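> show me the folded form of this:
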Amino acid sequence: MKILFLTDNFPPEVNAPATRTYEHCHEWVKAGNEVIVADNLVTGYRKAIPEGAKFYEGDLHDFGFLDHLFQQEQIDAVIHFAAYSLVGESVTNPLKYYDNNLCGTKILLDAMVKNNVDKIVFSSTAATYGEPKNIPILESDRTCPTNPYGETKLAMEKMFKWTANAHGMRFVSLRYFNACGADASGTIGEAHNPESHLIPLILQVPNGKRETICIYGTDYDTPDGTCIRDYIHVTDLAQAHILAVQYLMNDGESDIFNLGNGVGYSVREVIETARKVTGHPIPATETPRRAGDPARLVASSEKAKSVLGWSPVHDSLEEIIQSAWNWHKNHPNGYDET
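Model (predicted):
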């Protein structure tokens, strides 16, 4: 099977478009599949591309590049990670997100339709739900994003739906909750510049990269006043992508699935667990809320378990943070060797 991993940030942002394409590629290569990576390397790292994967450097907005790639490679399925994913930035610069996430995806679909590539797995997000009315969140629950990032992801899902109806394409949308952790080998992990995700930011304190961790908002309607999120290990996410492609290859119908552990942890709880893992006091500073952050996001993933056969195994927050710490303490500069 020949799989195209499409991203504009290799490894990509961990929180939504798909935590660490490296991890996903690595799993596919290990399974004996042909893996093609397309990336513009604006914020990614060529050295992060796993051995055994074929690489094309190019941009999602370049129809000629995508058309050439599809003509050169007989792609069985696309895994689409290419999107911007910073909630706060999307609020202050929404047009950047509409241009990259929506316009880029439209060009990708144009190229897929022209070249008869009819299967795609999409890295979506829990941000499509906005402030949920029910916890845990079901795929059938209301979608009302509270930020342009979530709004563009929801619009991308609808673009897949209508394109699938018109052109016989089939898609799976995987709505990630908070992706995190690192590969057990300790050689694959997050490396964002600037960093924006909670667990790596917390671990910068014991790594000597910052003096304190900021808590954005302590007045939410939660037990300790801080946001609650559902944290899911990247290795479990990689397995979900493999299962999603297999589902489509076995003639599964287009569908949407949540991916989370079904347990919510507050920001304060995550910080406290990191203190336990690292043995560092990790000072915290309370600051005002960030725009667009819902109070609680916790998944029901029963649908993915029953339909895809997905079974996450790394469901301990302490294990997740320990795996991340193993990466960060040994790679304080990420993939930058200087």
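
> and residue 230, what does it touch?
Contacts for residue 230 (CB atoms under 8 Å, 6 or more residues apart in numbering) come out as 126, 136, 177-178, 260-265, 297-299. C-betas here are computed from N, CA, C, even on glycine.

> rerun at 7 Å
177-178, 260-264, 297-299 (CB atoms under 7 Å, 6 or more residues apart in numbering).

> what is it paired to in the beta sheet?
Under the criterion DSSP bridges, residue 230 forms beta bridges with residue 264.

> who touches stretch 300-312?
Defining contact as CB under 7 Å, 6+ apart, one finds that stretch 300-312 is touched by 136-139, 232-233, 236, 239-240, 243-244, 247, 257-262.

> no, scratch that, I was asking about stretch 209-220
With CB under 7 Å, 6+ apart, stretch 209-220 has contacts from 201-202, 204-205, 225-227, 267, 271, 282-290, 293, 295, 332.

> host element of the spatially closest residue to residue 98 that is not a sequence neighbour?
Distances taken as CB to CB, 6 or more residues apart in numbering put residue 152 closest to residue 98, at 6.0 Å, once the chain neighbours are dropped. Taking DSSP states H and E as the definition, residue 152 sits inside helix 148-167.

> re the thing from before, just the contacts of stretch 300-312: which are in strands?
232-233, 257-259 (DSSP state E).

> and of these, the nearest to residue 251?
Using CB to CB, residue 257 is the member of these that lies nearest residue 251, at 16.9 Å.

> before we move on, what SS does the nearest residue to that closest one once chain neighbours are set aside have?
Residue nearest to residue 257 in three dimensions, not counting chain neighbours: residue 304, with 4.1 Å by CB to CB, 6+ apart. For residue 304, the secondary-structure state derived from DSSP: H, G, I helix; E, B strand; the rest coil is helix.

> any idea how far residue 304 is from residue 243?
8 Å (CB to CB, to the nearest Å).

> compare these two and say which is more crowded by neighbours.
residue 304 (27 against 21; other CB atoms under 10 Å).

> and the helices in the stretch 151-300 of the chain, which stretches?
Ranges of helices in the stretch 151-300 of the chain, per DSSP state H, counting those that start in this stretch, are 198-204, 234-249, 267-278.

> need those helices in a markdown table with distance to residue 163 and mean pLDDT, can you?
Putting the helices of the stretch 151-300 of the chain into a markdown table (distance: least, CB to CB, whole Å; pLDDT from 0 to 100) gives the following:
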| stretch | distance to residue 163 | mean pLDDT |
| --- | --- | --- |
| helix 198-204 | 34 | 94 |
| helix 234-249 | 15 | 92 |
| helix 267-278 | 38 | 98 |
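
> those helices into TSV, with extra columns for distance to residue 116?
Below are these laid out as TSV (distance: least, CB to CB, whole Å):
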stretch	distance to residue 116
helix 198-204	40
helix 234-249	15
helix 267-278	45
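
> looking at these, spot the one closest to residue 121.
Of all the helices of the stretch 151-300 of the chain, helix 234-249 comes closest under CB to CB, at 4.6 Å.

> in that closest one, what's buried?
Within helix 234-249, the residues that qualify as buried are 234-245, 247-248, counting by 16 or more other CB atoms under 10 Å.

> may I ask which of the ones in strands among the contacts of stretch 300-312 has the most neighbours?
residue 232 (29 neighbours).

> surely residue 6 touches residue 77?
No. Using CB atoms under 7 Å, residue 6 is not in contact with residue 77; the gap is 10.9 Å.

> which is the next helix or strand following the lowest-mean-pLDDT helix or strand in the chain?
Least confident helix or strand of the chain, by mean pLDDT, DSSP states H and E, is helix 21-30 with a mean of 70. Counting by DSSP H and E, the element after helix 21-30 in chain order, helix or strand, is strand 34-39.

> that next one pairs with which strands, parallel or anti?
strand 2-6 (parallel), strand 53-57 (parallel).

> the residue nearest to residue 98 contacts residue 102, correct?
Yes. The criterion here is CB under 7 Å, and residue 152 meets it with residue 102 at 5.5 Å.

> of the two, who's got more company?
More neighbours surround residue 152 than the other of residue 152 and residue 102, with 28 against 16 (other CB under 10 Å).

> which residues touch the more buried one?
97-98, 101-102.

> swap in residue 88?
Here residue 88 is in contact with 290-292 (CB under 7 Å, 6+ apart).

> show the buried residues in the residues you listed.
Among those, the ones that count as buried (16+ other CB under 10 Å) are residue 292.

> ranges for the strands of the stretch 51-200 of the chain?
Applying DSSP state E, counting those that start in this stretch to the stretch 51-200 of the chain gives strands spanning 53-57, 77-80, 119-125, 170-176, 178-180.

> residues contacting stretch 262-282, please?
Contacts of stretch 262-282 with the rest of the structure, by CB under 7 Å, 6+ apart, involve 136, 198-199, 202-203, 205-206, 213, 215, 222, 224, 226-231, 284, 296, 298-301, 317-318, 321-322, 325.

> and these, which are buried?
By 16+ other CB under 10 Å, those give 136, 198-199, 202-203, 205-206, 213, 215, 222, 226-231, 284, 296, 298-301, 317, 321-322, 325 as buried.
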